[in-house]
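*Asks:* have a look; sequence and predicted model below, questions after that.
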Number of protein chains: 2
Amino acid sequence: MTPQPKNSAIKGIPEPTLRRLPNYCQVLHRLAREGVARVSCTQIGNELNLDPTQVRKDLALAGAVGRPKVGYETEALFQQMEDFLGWNNARDAVLVGVGSLGTALLGYRPFNRYGVNIVAAFDTNPMKQGSEVHGIPVFPLLKLPNLLERMKVHIGILTVPAEQAQPVCDLMIMTGIRALWNFAPTALTVPDGIIVQNENLFNSLGVLSSKLTALLRGEDKKDRARQARRQETTS
Amino acid sequence: MTPQPKNSAIKGIPEPTLRRLPNYCQVLHRLAREGVARVSCTQIGNELNLDPTQVRKDLALAGAVGRPKVGYETEALFQQMEDFLGWNNARDAVLVGVGSLGTALLGYRPFNRYGVNIVAAFDTNPMKQGSEVHGIPVFPLLKLPNLLERMKVHIGILTVPAEQAQPVCDLMIMTGIRALWNFAPTALTVPDGIIVQNENLFNSLGVLSSKLTALLRGEDKKDRARQARRQETTS
DNA sequence: TAGATTGTTAATCGATTAACAATC
DNA sequence: TAGATTGTTAATCGATTAACAATC
């Protein structure tokens, strides 16, 4: 019927856009709280150092409609972005791997306001089982299927060592997890239709380190050149 | 003199490439340990699900040279990648903000093998000062300039609440920090020549949540359609 | 009305992928 | 030698930025 399938939804939205949506949410939330009733893309762009055209395109992709000359209704736009992200009511999640990073994430309260509500944690270490970490119960990993059977949990957070990531991931998918937030430094193999978001600190460190190394090397070289020149003039 | 300034180094290397280098390192390290003397881009690509041409281009950008038909010397290539990243001897770093995330990072041993050696942590909370977290001493934030004056530390890790990120960042830069790894959910304003690597979990959650929300909504719609059809046929 | 702002189409830019000659 | 693999140039693809008409 419709010539352009404009409803193909998420598949068409570029990932860079999806990554920026939280920033818009944050700015809109603040502006709404400050009582700013209407907002333009130029304003938002200034706050976030983004091209206003890009802001407009991003908002449009997430379904926002503004009025020429007027802009967008701040509060309504915020609601719409939150709704698009699914952040208006947080989804339940489980976390596997109660090491130092896992523990830190369990204690991170703001997740509740960003769509993720961790209801249970799992670990293979008997020392950790049965306890509570930041108020969240820790169970033996073997209990995972049992619990997921009873609760409709769609998000799994992986904070296990690299070697255990794939088997734990398989187990999670088998028991109904649809989206994985993977903090283990390994690529996961998953069937079609499963969402994987990798959060690999080492990749970021690659950018940081190589830039810093290049910067410092460049300075060293300049220093040496300067010294060489000085040597020349004094000799 | 030189028509193409081929030495402009880091500026020309795309960030996606820099992000992939750690993955190459990891694979090369493993292969070298397994005694594989030579390796081809096709092999590396298979391990990481990357196009072999892309692997070749990335390696070339980091300065690697291979031999046609033969490939690259595994060990030498690994060394070269490590060297390019500056990971062969870790640089000292300080961390500010000993909350749950900061504590987790302080306890994360592998950083030492990935170019980052955290030598001290800082916090404004007197409860935390004077103690040691995972063997790393925690000082009052006011002592930061003093310590950085004596030690040449180039990397600063920011794990403070959003509101404090900018002032702490300013302080760090003033005392000689050149590269910031920012875990606070705010954009930092820094002078030219300072490297900032943002690590904002909420941006990633934006991708995860919106994809999951779209997926589940799509299924809901299908379910409803199916139910409607069933209703029709039974009526 | 005049000017700012949206919505949308076109141009640019950069990264990925394909093609192919050189070579061990 | 023959075939695999590098190095490099060209083609494709996708995201960002620019241009401009519509409009409140």
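*Replies:* Received, thanks.
*Asks:* buried ones in the biggest strand by length in chain A?
*Replies:* For chain A, the longest strand by residue count, based on DSSP state E, is strand A:116-123. The neighbour-count check on strand A:116-123 (16 or more other CB atoms under 10 Å in any protein chain shown) flags A:116, A:118, A:120-123 as buried. Backbone N, C-alpha and C define where each C-beta goes, glycine included.
*Asks:* got CSV for these, with distance to chain B and pLDDT too?
*Replies:* Shown next, in CSV, are these (distance: CB to the nearest CB, whole Å; pLDDT from 0 to 100):
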residue, distance to chain B, pLDDT
A:V116, 7, 97
A:I118, 13, 97
A:A120, 18, 98
A:A121, 14, 98
A:F122, 18, 98
A:D123, 15, 98
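*Asks:* my guess is A:L188 meets A:P167, correct?
*Replies:* No. Here A:L188 lies out of contact with A:P167, judged by CB atoms under 8 Å, at a distance of 10.5 Å.
*Asks:* which of those two has more neighbours?
*Replies:* A:L188 (17 against 11; other CB atoms under 10 Å in any protein chain shown).
*Asks:* chain center to the lowest-mean-pLDDT helix or strand in chain A, what's the gap?
*Replies:* Within chain A, no helix or strand scores below helix A:201-234, which has a mean of 86 by mean pLDDT, DSSP states H and E. Taking CA atoms, centre = their mean, to the nearest Å, the mean C-alpha location of helix A:201-234 is offset from the chain mean by 33 Å.
*Asks:* one more: stretch A:168-178?
*Replies:* With CA atoms, centre = their mean, you get 20 Å for stretch A:168-178.
*Asks:* report whether it contacts chain B.
*Replies:* Yes. Judged by CB under 8 Å from any CB of the partner chain, stretch A:168-178 comes into contact with chain B through A:R178.
*Asks:* list the buried ones in that stretch?
*Replies:* Neighbour-count burial for stretch A:168-178 flags A:168-169, A:171-173, A:175, A:177-178 (criterion: 16+ other CB under 10 Å).
*Asks:* stretch A:103-118 now?
*Replies:* Neighbour-count burial for stretch A:103-118, counted by 16+ other CB under 10 Å, picks out A:103-108, A:111, A:114-116, A:118.
*Asks:* now swap in stretch A:184-201 and tell me
*Replies:* A:184-188, A:190, A:194-201.
*Asks:* what about it, near DNA strand C?
*Replies:* No. Stretch A:184-201 does not reach DNA strand C (CB under 7 Å from any atom of the strand); its nearest approach is 14.5 Å.
*Asks:* near chain B at all, that stretch?
*Replies:* Yes. Counting by CB under 8 Å from any CB, chain B has neighbours in stretch A:184-201: A:185, A:187, A:193, A:195, A:197, A:199-201.
*Asks:* which two among the buried residues of stretch A:103-118 are spaced furthest apart?
*Replies:* Pairwise distances across the buried residues of stretch A:103-118 (CB to CB) peak at 20.9 Å, for the pair A:T103 and A:G115.
*Asks:* quick one: the strands in chain A?
*Replies:* With DSSP E as the criterion, chain A has strands at A:38-39, A:72-73, A:91-96, A:116-123, A:132-133, A:136-140, A:155-158, A:179-182, A:195-198.
*Asks:* so what strands line up beside the third one?
*Replies:* It stands for strand A:91-96. Here strand A:91-96 is paired, per DSSP bridges, with strand A:116-123 (parallel), strand A:155-158 (parallel).
*Asks:* between the first one and strand A:136-140, how many degrees?
*Replies:* Right, the one you point to is strand A:116-123. Orientation note: strand A:116-123 sits at an angle of 40 degrees relative to strand A:136-140 (axes from the mean of the first three to the mean of the last three CA atoms, to 10 degrees).
*Asks:* CA atoms only for strand A:116-123, dumped as CSV, please.
*Replies:* Written as CSV, here are the backbone C-alpha positions of strand A:116-123 (Å, rounded to 0.1, in the frame of the first residue of the first chain):
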residue,chain,number,x,y,z
VAL,A,116,17.3,0.0,33.7
ASN,A,117,16.0,-1.6,37.0
ILE,A,118,18.4,-4.3,38.2
VAL,A,119,16.3,-6.8,40.1
ALA,A,120,18.8,-9.5,40.8
ALA,A,121,22.5,-10.4,40.5
PHE,A,122,24.2,-13.7,39.9
ASP,A,123,27.7,-15.1,40.5
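*Asks:* let me see the domain layout of chain A.
*Replies:* Here the domain parsing of chain A from automatic domain parsing is A:12-85, A:91-201.
*Asks:* for A:R150, give me its contacts.
*Replies:* Shown in contact with A:R150 (CB atoms under 8 Å, 6 or more residues apart in numbering or on different chains): no residues.
*Asks:* okay, now A:D220: neighbour count?
*Replies:* Counted with other CB under 10 Å, A:D220 comes out at 10.
*Asks:* now the residue lying closest to A:Y72 once chain neighbours are set aside: how far from chain B?
*Replies:* In space, A:Y72 comes closest to A:G66 once its chain neighbours are excluded; the distance is 4.3 Å by CB to CB, 6 or more residues apart in numbering or on different chains. Distance of A:G66 to chain B, given as CB to the nearest CB, to the nearest Å: 20 Å.
*Asks:* and the pLDDT at A:G66?
*Replies:* A:G66 carries a pLDDT score of 96 in this model.
*Asks:* contacts only, for the residue lying closest to A:T17 once chain neighbours are set aside.
*Replies:* Nearest residue to A:T17, sequence neighbours excluded (CB to CB, 6+ apart): A:D58, at 4.8 Å. Shown in contact with A:D58 (CB under 8 Å, 6+ apart): A:17, A:20-21, A:24.
*Asks:* picking up where we left off before, just put the buried residues of stretch A:184-201 in TSV and tack on distance to A:A225.
*Replies:* Converted to TSV, those look like this (distance: CB to CB, whole Å):
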residue	distance to A:A225
A:A184	45
A:P185	39
A:T186	43
A:A187	43
A:L188	48
A:V190	52
A:I194	54
A:I195	51
A:V196	48
A:Q197	46
A:N198	42
A:E199	41
A:N200	38
A:L201	36
